[in-house]
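S.K.: predicted coordinates and the sequence they were generated for:
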Amino acid sequence: MTSVPPPDVIRCAYAELVVTDLAAARWFYVDLLGLVVTAEEPDALYLRAFEEYLHHSLVLRQGETAACARLAYRVRSAAEVDRAEAYYRALGVRVERVPAGATRGIGEAVRIEDPLGFPVEFFFDAEHVERLTQRYDLHGAGAISRLDHFNVVTPDVPAAQRYYEGLGFTVSEDIEDAAGTVYATWMYRKPTVHDIALTGGDGPRMHHIAFATHERSQILHLCDHLGAARRPDMIERGPGRHGVSNAFYLYLRDPDGHRIEIYTHDYYTGDPDNPVVRWDVHDNQRRDWWGNPVVPSWYAEASTVLDLDGTPRALQERTEAREADVTIGADGFSYTRAGEAPREFKLGNQV
Ligand SMILES: O=S(=O)(O)c1ccc(O)c(O)c1
Ligand SMILES: [Fe+2]
């Protein structure tokens, strides 16, 4: 902890992913998902969704090894960038101040290796570009509106929660058990369910980046588009309805295996007394409100993250119980109503 006040974080703002085949990634993120190309270089793409007016919310950079190179938060003013620098220098983590343009379209920023081992950036100034909110002539049937959240894998969820609470984030929901083990926590700065989700596991790893649509039909169109492209293998989990967050969801895997969630219909959390929702890890409806199975890869696989030198981070093993061991997703391995025997037709009762 430090006596230096934390920066005033507004929201999650952009991610930078290393991809091994920029052309294949361009097909996935632009031709399939419909993200807009703000700028294009031989080895990088700067993409945004239709409601976004900052330069980008996703950078794809060609590289040898697929990884997450950066998770960036926007702070409320240029002065808050200075405060971020002071906060993290006092915290004693690695801090780098970078000039405007270090990332195309982004102003002066502070980059850190945060206490959880993630490469994180705080910025305010950014180039404004055309906001395409009502350019319905450009929206496809699967139009994506904006970046919504990051989900990261970290071994000690309570410790990660304390770190993010120190940064001014608030818990909206979590998954825990009767013994007090916390398996996952969702935390926000913008008034939705989360800007960051902390998933218990070997980390630091990036679990997924999520974009929001306005309508469930847009998510269903993306599924149909993948079917038409004969690439249903890119659909990892869903479509479905989450228990946690109540969002309608779809998880895709990009050509490098990076997990992208498309998500809509979570809820407002902007009042100071927003009730925290706590889920029992055995509740079959926590991960999927309809009790559908969570595929094992969703628990097991996540993207490597890089340090500020671009070197892959070594993983620290989770020492507490793992959710996939305690219950395999929401598929009948546990209970929905405590004390009642599960029904025999759910997957969990057939293997
Ligand atoms: O699967 S969960 O219902 O726990 C869930 C809720 C919200 C999310 O953004 C997510 O990725 C996963
Ligand atoms: Fe998510």
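M.R.: Alright, I've got the coordinates. Residues are numbered from 1 along each chain as shown. Ligands and ions are numbered 1, 2, ... in the order given.
S.K.: okay, now the unreliable bits of the stretch 201-350 of the chain?
M.R.: Within the stretch 201-350 of the chain, the stretches with pLDDT under 70 are 328-333, 342, 344, 348-350.
S.K.: need the residues of it near ligand 2, please.
M.R.: 210, 261 (C-beta under 5 Å from the ion). Glycine gets a C-beta too; all of them are placed from N, C-alpha and C.
S.K.: ranges for the helices of the stretch 201-350 of the chain?
M.R.: In the stretch 201-350 of the chain, the helices defined using DSSP state H, counting those that start in this stretch lie at 216-228, 296-300, 323-326.
S.K.: give me the buried positions along the second one.
M.R.: Within helix 296-300, the residues that count as buried by 16 or more other C-beta atoms under 10 Å are 298, 299.
S.K.: the longest one now?
M.R.: Using 16+ other C-beta under 10 Å as the burial criterion, the residues of helix 216-228 that qualify are 216, 218, 219, 220, 221, 222, 223, 225, 226.
S.K.: farthest-apart pair in those residues, please.
M.R.: Spanning the widest gap among the buried residues of helix 216-228 are 216 and 226, at 16.0 Å by C-beta to C-beta.
S.K.: after the helix or strand containing residue 79, next one along is what?
M.R.: With secondary structure defined by DSSP states H and E, residue 79 is part of helix 78-91. Going down the chain from helix 78-91, the next helix or strand is strand 95-98, by DSSP H and E.
S.K.: now do the very next helix or strand once past that following strand and helix 78-91, the angle between them.
M.R.: Next helix or strand after strand 95-98 toward the C-terminus (DSSP H and E): strand 109-113. Interaxial angle of strand 109-113 relative to helix 78-91 (axes from the mean of the first three to the mean of the last three C-alpha atoms, to 10 degrees): 20 degrees.
S.K.: sheet-wise, list the partners of strand 109-113 with their directions.
M.R.: Using DSSP bridges, the strands paired with strand 109-113 are strand 95-98 (antiparallel), strand 119-123 (antiparallel).
S.K.: quick one: residues contacting the residue positioned nearest the centre of the chain.
M.R.: Closest to where the C-alpha atoms of the chain average out (C-alpha atoms, centre = their mean) is residue 150, at 2.0 Å. Counting by C-beta atoms under 8 Å, 6 or more residues apart in numbering, residue 150 makes contact with 12, 15, 71, 195, 196, 197, 206, 208, 209, 210.
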